[in-house]
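K.L.:
sequence unavailable; structure follows:
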């Protein structure tokens, strides 16, 4: 190539750090439903869609925002996703004493609560 001193420069396209397009509201709803239900199939059932439609919405959303995985998609869309039910958000330290957010005790939390007896009232081996 004349005028370039014989050196060839390759023009490569760098991935942008900011998404070029924004996920649609419907795609965000699908992602939120997957998070709420725990699976694509359950989200499809809840939304009245086919499983393949949910998969298409996910693929389109990943492509729009530049995410390679669904986990990346959730992280990118997190500001637009609704808070899960039963989760309180604390914006920062409270100015009033006694109004701090407290961790639920294991006895009051359904996740941390464990019955001392086996299910069905059966006694263990004697």
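P.N.:
Nice, thanks for sending it over. Here the structure is a predicted model, which means the values were calculated and not measured.

K.L.:
give me the mean pLDDT for stretch 75-82.
P.N.:
The average pLDDT within stretch 75-82 is 93.

K.L.:
which positions in it come out as buried?
P.N.:
Across stretch 75-82, burial judged by 16 or more other C-beta atoms under 10 Å covers 76-77. All C-beta spots, glycine's among them, are computed from the backbone N, C-alpha and C.

K.L.:
got the contact list for the helix or strand where residue 44 lies?
P.N.:
Secondary-structure assignment from DSSP states H and E places residue 44 in helix 40-47. The contact list for helix 40-47 (C-beta atoms under 8 Å, 6 or more residues apart in numbering) reads 29-30, 33-34, 36-37, 50-51, 53-55, 58.

K.L.:
try it again at 7 Å.
P.N.:
Residues from elsewhere that reach helix 40-47 (C-beta atoms under 7 Å, 6 or more residues apart in numbering): 30, 33-34, 37, 50-51, 53-55.

K.L.:
next, residue 67: phi, psi?
P.N.:
phi -90, psi 140 (degrees, to the nearest 10).

K.L.:
just residue 49 next, same as before
P.N.:
The phi and psi values for residue 49, taken as degrees, to the nearest 10, are phi -120, psi 170.

K.L.:
233 is where my numbering starts, stick with that
P.N.:
Sure, I'll start counting at 233 from here, so that last one is residue 281.

K.L.:
burial measure for it, as a count.
P.N.:
A count of nearby residues for residue 281, using other C-beta atoms under 10 Å, gives 18.
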